[in-house]
Each structure stands twice: as C-alpha cells, then as structure tokens.
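Novice: need coordinates for the following:
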Amino acid sequence: MLQSAILNRTGFILWDSENWPKHEDSRESHRYIAVKHYRKSCAQICSNFYGQPSKNLLMIGVTGTNGKTSTTLLIEQILEFSKLYRPLLIGTLFARCCGVMMQPSYTTPYCDIIQKLLRTAIDEYQADSAVMEISSRGLEQERVGGWDIRQGINHMNRLDLIPEPEIISACLQACRRVNDHSLAVRYLEAIRYKSNAVSNQVWPWILQEIRPTLNQLGISTPEELGYDKPELALKSVDDM
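Specialist: Below is the predicted model of the structure:
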C-alpha cells in the first residue's frame, strides 16, 4: 500500500514516529511527516479537509455494549418529531439524513467517511445535528477523532451485566473524551455495585485489569474518592 501511494505521487505520508520507515533513501525523495499519534492526526486532518463540520452540528454519541442502535434510532426520531432539528443518523444499519438513505454504514465508520457524511449532510440536507453509534473499536482507533462532541450517552448500567475490562476501559475513554469525570466515576460505582453482588473477588480483579486505563486517563476509583463509605455509597444502579 505504501509503495502504491509513492508511485501515485502522494503529497505526503503520515507516519507513526515510533515506527519510522527503515529505508533512508525513500525518506529522501518523499515527504514523510512523523506524528506521535497518527490515528488522531489522521482524524484531525480529515476534519480539517471537510471544514470541521462537527462544529456546526449538535453531536450526540452513544456508546455501550447493547442497545446502541435502538438508542440512536429513538434519538433520531425524537429530534425529527420535535420539528426543531434536522438530524443525520450514522449507525450499524445505515446512514440517513432527514429521511434520505445516504449509504450503507458500519457501526462506526472510518474517520474520512464520517467527516464526508457530516459535510454532505450539512451541504445537501441542511442538517443541524448528528446522532452516531460509537463502538469500542471506533474509540480505540480514533474514528471519532476531530469531532466536537457535546453530548455523550452511556447505558452500561443494566443490573444483569458486568462488562469485560476491555469494554469498561472503552467506556471510560468515552467519558474522558467529553471531559465527564463524574460520569466515569459513577459508572465505576455501578460496576462495583454489581460486582460485589456476585462475589467480593470480582471488583478487585476488574480494578487490576483497568488500572493502566485509570492511570492514563487520570480517573479516580470510588474508593479513592471515599464513595465506598456507607453515607456516600451507591445504593442501587437505579440511582445513577
């Protein structure tokens, strides 16, 4: 793929600085740009290329294990029936704007597709809002990088569900992405509550598995904030 890009006279090549190309001669004749986080950089470049369309839209992202598709469809209908918004929907089933099918979709498309959809929705359908499913893989790969996200929705607190540590980490990243530290802690409280209802060994194991994510994002545990005290502890996940 790289050689094909070079043969087609690409203007520049974005490269992960930790995996700089080994061949010195190719670096001499082609423009390489080394970045620390190339996925984030790609997403921002795509956003800039299409004129940062998310800044002109009310952006709503839905993340979780189950129910993302249903939730986004419901939000789209609420926005449409309110007669106050012209929403774009991007999700597992399709991409749709103002009742018009735009193209088949993935749960969370790649950043170039997302930005193109946002720009098309604004220019051709006068969209003023966007509702999108955000998968854990989409978060991990920075597919929603370059977004100006103002609202995030989490529905991970079902009584019958204790997510895997990888899913918990993805949801914490989603909370941090919209700078909602309090939601991240409350989410951890709900996981702790459900884990202790099963076994007192589950929560310590989960904490051990997600500790690197907590440290990376600067998120405190309920215990570190004193929320394990009886007067502050979450009585039920219904209290969320």
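
Novice: next, the distance between the ends of stretch 121-140.
Specialist: End-to-end distance for stretch 121-140, by C-alpha to C-alpha, to the nearest Å: 25 Å.

Novice: swap in stretch 45-60?
Specialist: End-to-end distance of stretch 45-60: 21 Å, with C-alpha to C-alpha as the criterion.

Novice: so what pLDDT did the residue nearest the centre of the chain get?
Specialist: Taking C-alpha atoms, centre = their mean as the criterion, Leu139 is the residue nearest the geometric centre of the chain, at 3.8 Å. Predicted confidence (pLDDT) for Leu139: 72.

Novice: on the three-state scheme, it is what?
Specialist: helix (DSSP: H, G, I helix; E, B strand; the rest coil).

Novice: give the contact list for it.
Specialist: Listed by C-beta atoms under 8 Å, 6 or more residues apart in numbering, the contact set of Leu139 reads Thr63, Thr108, Ala170, Gln173, Ala174, Arg177. (C-beta placed from N, C-alpha, C; glycine too.)

Novice: return the subset of those residues lying in strands.
Specialist: Members of the contacts of Leu139 lying in strands (criterion: DSSP state E): Thr63.

Novice: could you dump the contacts of Leu139 to JSON lines with distance to Thr120?
Specialist: Output for these, formatted as JSON lines (distance: C-beta to C-beta, whole Å):
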{"residue": "Thr63", "distance to Thr120": "24"}
{"residue": "Thr108", "distance to Thr120": "17"}
{"residue": "Ala170", "distance to Thr120": "28"}
{"residue": "Gln173", "distance to Thr120": "28"}
{"residue": "Ala174", "distance to Thr120": "25"}
{"residue": "Arg177", "distance to Thr120": "24"}
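
Novice: where do the domain boundaries of this protein fall?
Specialist: Annotated domains of the chain cover 2-36, 51-155, 160-240 [automatic domain parsing].

Novice: now those in a markdown table, with distance to Ile45?
Specialist: Compiled in a markdown table, those are given as follows (distance: least, C-beta to C-beta, whole Å):
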| stretch | distance to Ile45 |
| --- | --- |
| domain 2-36 | 7 |
| domain 51-155 | 8 |
| domain 160-240 | 19 |
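
Novice: which of these sits most buried?
Specialist: Stretch with highest mean neighbour count among these: domain 51-155 (a mean of 19; mean count of other C-beta atoms under 10 Å).

Novice: quick one: that domain to chain centroid distance?
Specialist: 11 Å (C-alpha atoms, centre = their mean, to the nearest Å).

Novice: I appreciate the help and will end here.
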